[in-house]
Structures are given as structure tokens and as C-alpha cells.
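Novice: build the 3D model from these lines:
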Amino acid sequence: MPRVDFGMVTSGFELPGYRVVRNFGIVRGIIVRSRSVIGNLGAALQTIIGGNITILTNLCEKTREDAFELLLQHAGEHGANAVIGLRYDATEVMQGVTEVLAYGTAVQVERIP
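Specialist: Below you'll find the predicted structure:
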């Protein structure tokens, strides 16, 4: 399955050393995740101790990573070789269930001589 290379993604609207030659439009990767009962219990125990709640940190990081990977695949399916303007958004769709969205603009770029 085609996908954009990780190094060809930026949160900016320009990719240094490249120029946009074609714009494919908005692409996205969406993941909806819930916390497990065991994860909730572990997180509750970690809140008693204080500090970083690693169980939830790891869940959030994995969810963002999965949404990002779907974005790279979606951009590749459109024929893009880069994504500019990358952003993330998260919404709680119901208690304990969160949607994470990675989105940006799929483009074709070429190296500036």
C-alpha cells in the first residue's frame, strides 16, 4: 500500500528545499479508542501516587501514532509524496471513548534545484 514517508511531513505550510507542484487536498487518519477496565484501574492507582500517568500516556501516544500512520496511507493513496500543515485533534465521543484525528494537506513536491 503506498504511503508518504515520515520525513516528508511537516506542521508548516512549506517543506524546506521543496516546492509544491500539486495539491491533492485534505487527508486524514481517524482512530477511535476506549480505555479498558484494567487500564482505568491502573491509571486510577497511578493517580494516587502522582506524576506521569504512564498507562494513559502510552495509550494516547499509540493512538496518535496509529492516526498518523493512517494519514500517511491516505495521502499515499491520493498520489502524494508529502503532507503539509499536519495537525491533531481529539474529541471525547462518549465517556471513556476518544476520537483522535490527524489531518493535513496532501501534496506532490519536487526538490528545488
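Novice: and Phe68, what helix or strand is that in?
Specialist: Using DSSP states H and E, Phe68 sits in helix 54-77.
Novice: in this protein, where is pLDDT below threshold?
Specialist: By pLDDT under 70, the low-scoring segments of the chain are 35-55.
Novice: mind listing what's buried in stretch 70-88?
Specialist: For stretch 70-88, the neighbour count (16 or more other Cβ atoms under 10 Å) marks 70-72, 74-76, 78, 80-86, 88 as buried. C-beta coordinates here come from the backbone N, C-alpha and C atoms, glycine included.
Novice: quick check: the farthest pair among the residues you listed?
Specialist: Across those, the longest distance by Cβ to Cβ is 21.5 Å; it joins Asn81 and Tyr88.
Novice: show me the helices in the protein, by range?
Specialist: Applying DSSP state H to the chain gives helices spanning 37-49, 54-77.
Novice: residue contacts, the residue lying closest to Pro2 once chain neighbours are set aside?
Specialist: Excluding the flanking residues, the one nearest Pro2 by Cβ to Cβ, 6 or more residues apart in numbering is Gly76, at 3.5 Å. Taking Cβ atoms under 8 Å, 6 or more residues apart in numbering, we find Gly76 in contact with 1-4.
Novice: out of those residues, list just those in strands.
Specialist: Judged by DSSP state E, the contacts of Gly76 include no members of strands.
Novice: partner strands of the strand ranked longest in the chain, parallel or antiparallel?
Specialist: Longest strand of the chain, by residue count under DSSP E: strand 18-34. Sheet pairing here is set by DSSP bridges, and for strand 18-34 it gives strand 97-111 (antiparallel).
Novice: quick one: the partner strand to helix 54-77, angle?
Specialist: Counting by axes from the mean of the first three to the mean of the last three Cα atoms, to 10 degrees, strand 97-111 lies at 40 degrees to helix 54-77.
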